[in-house]
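# fold the following.
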Amino acid sequence: QVQLVESGGDLVQPGGSLRLSCAASGIILSINAMGWYRQAPGKQRELVATLTSGGTITYPDSVKGRFTISGDFAKNTVYLQMNSLKPEDTAVYYCNAEAWVLGPTGRYTRDYWGQGTQVTVSS
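Numbers count the residues shown, from 1 in each chain. Below you'll find the predicted structure:
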């Protein structure tokens with residue numbers, strides 16, 4: 001069983017900063033990629049940032065230049081530094097990991113999700 005636990009969500013004023021953390025635990029053989037997604041009320045879940053084991057990073061235009069993803073896959077952790085926060089960044093932020101795990105018939109990859117951490121940007 002693999003679990004992802006996020007932390008760092010909070011209420012912050014516009015222009016402020018937050019750092020989110022996510023740690024994966026369980027029997028993980030290796031991680032292909034980790035990332036962050038967010039879901040605002042009434043909206044679909046959307047990509048915020050992803051980081052692959054090869055170092056490829058992806059951001060949508062909405063956060064490019066303001067958010068920075070980093071990680072240590074040897075420790076199964078990923079971080080999201082969020083600067084210049086805007087009210088439209090308000091959402092529940094979810095950590096995601098694509099990991100190789102061991103099943104009854106061998107190794108396979110699976111997506112895992114955390115429970116989410118609330119980020120609210122408001123004055």
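# center of this structure, which residue is that?
residue 36 (2.5 Å; CA atoms, centre = their mean).
# the closest residue to that one other than its chain neighbours: what secondary structure?
Leaving aside its chain neighbours, residue 36 sits nearest to residue 48 (4.2 Å; criterion: CB to CB, 6 or more residues apart in numbering). (Each C-beta comes from the backbone N, C-alpha and C, glycine too.) Following DSSP: H, G, I helix; E, B strand; the rest coil, we place residue 48 in the strand state.
# show the pLDDT at the residue nearest to the centre of the chain.
For residue 36, the pLDDT comes out at 98.
# dihedrals phi and psi, it?
phi -130, psi 140 (degrees, to the nearest 10).
# for residue 89, same thing?
The phi/psi pair for residue 89 (degrees, to the nearest 10) is phi -80, psi -10.
# so what's it up against?
The neighbours of residue 89, taking CB atoms under 8 Å, 6 or more residues apart in numbering as the test, are 38, 63, 82, 119, 121.
# what number of residues are in the vicinity of the third one?
If I follow you right, that is residue 82. 25 (other CB atoms under 10 Å).
# residue contacts, it?
Here residue 82 is in contact with 17, 18, 19, 20, 63, 66, 67, 89, 119 (criterion: CB under 8 Å, 6+ apart).
# out of those residues, which are inside strands?
Counting by DSSP state E, the part of the contacts of residue 82 found in strands is 18, 19, 20, 67, 119.
# can I get those in JSON lines with pLDDT?
JSON lines is the format used below for the ones in strands among the contacts of residue 82 (pLDDT from 0 to 100):
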{"residue": "18", "pLDDT": "98"}
{"residue": "19", "pLDDT": "98"}
{"residue": "20", "pLDDT": "98"}
{"residue": "67", "pLDDT": "98"}
{"residue": "119", "pLDDT": "98"}
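# isn't residue 113 right next to residue 96, touching?
Yes: with contact defined as CB atoms under 8 Å, residue 113 reaches residue 96; the gap is 5.7 Å.
# what residues do those two have in common as contacts?
By CB under 8 Å, 6+ apart, the residues touching both residue 113 and residue 96 are residue 4.
# quick one, which of the contacts of residue 82 are buried?
18, 20, 63, 67, 89, 119 (16 or more other CB atoms under 10 Å).
# alright, I will stop here.
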